[in-house]
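S.K.: sharing a sequence plus its predicted fold:
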Amino acid sequence: MSKYAPLKEFLVAQNADRVPMSFDEIESVLSLPLPASKRYPAWWSNNPSNNPMTREWLEAGFETESVNVGAGKLVFRRVRKMPTGDAAPAVRTHRHPGFGFMKGLIAIEAGFDVTKPFDDEPWDRGYLGGETQAQHGKHVMRK
């Protein structure tokens, strides 16, 4: 169990979709001081590989917003409800690299084979070293 697990438990127990907290309140929930990294906005980012505490609030279904490290305040915003008991899904700790800045921009049509080549041209023709039009006095490669 992570030393930051009490934060997850606290957030899961909240009924509100926005939970404003001060850094002191978070330390009170954890019963331990936050690391010195708390003064950097990156510590409060929602990247799951950021730090162990980030995973706790993400697993609780929250993301941070309105982080003000100078004032020592932030808001946890609910992004999804967490099922409880036997219905709770196993938490995935590794995300596919297709997520992050590209999240929501990639859609693969059902039944599309992403491993199939886009054309029937042999791999050693055209752009990959086959005969080009430049060899025939033109400067454009042909398929």
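M.R.: Structure's in. What do you need? Residues are numbered from 1 along each chain as shown.
S.K.: which SS class is K116?
M.R.: Secondary structure assignment for K116 (DSSP: H, G, I helix; E, B strand; the rest coil): coil.
S.K.: next, count neighbours for it.
M.R.: 6 (other Cβ atoms under 10 Å). Using the backbone N, CA and C atoms, a C-beta is placed for each residue, glycine as well.
S.K.: same check, this time on K8
M.R.: If you count neighbours by other Cβ under 10 Å, K8 ends up with 23.
S.K.: mind checking what helix or strand follows the helix or strand it falls within in sequence?
M.R.: According to DSSP states H and E, K8 maps onto helix 5-12. With elements assigned by DSSP H and E, the helix or strand that comes after helix 5-12 is strand 18-22.
S.K.: contacts for that next one next, please.
M.R.: For strand 18-22, the external contacting residues (Cβ atoms under 8 Å, 6 or more residues apart in numbering) are 11, 62, 66, 72-78.
S.K.: which helices and strands does the very next helix or strand once past it pack with?
M.R.: Going down the chain from strand 18-22, the next helix or strand is helix 23-30, by DSSP H and E. Judged by 3 or more Cβ pairs under 8 Å, 6 or more residues apart in numbering; DSSP states H and E, helix 23-30 is in contact with helix 5-12.
S.K.: just the residues contacting the helix it packs on, thanks.
M.R.: For helix 5-12, contacts defined as Cβ under 8 Å, 6+ apart pick out 19, 26, 29-31, 53, 56-57, 59-62, 76, 82, 84.
S.K.: let me know the closest of those residues to K3.
M.R.: Using Cβ to Cβ, L30 comes nearest to K3 of the contacts of helix 5-12, at 7.2 Å.
S.K.: the closest one and F23 touch, don't they?
M.R.: No: contact criterion Cβ atoms under 8 Å: L30 and F23 do not qualify, at 10.4 Å.
S.K.: measure L74 to T115 for me?
M.R.: Distance check for L74 against T115: by Cβ to Cβ, to the nearest Å, it reads 43 Å.
S.K.: what do you get for E109?
M.R.: Look at E109 and T115: by Cβ to Cβ, they are 14 Å apart.
S.K.: which ones are touching P41?
M.R.: Contact analysis of P41 by Cβ under 8 Å, 6+ apart lists 67, 69.
S.K.: again, but for the one 3 residues further on
M.R.: Residues in contact with W44, defined by Cβ under 8 Å, 6+ apart, are 38, 64, 67, 69, 74.
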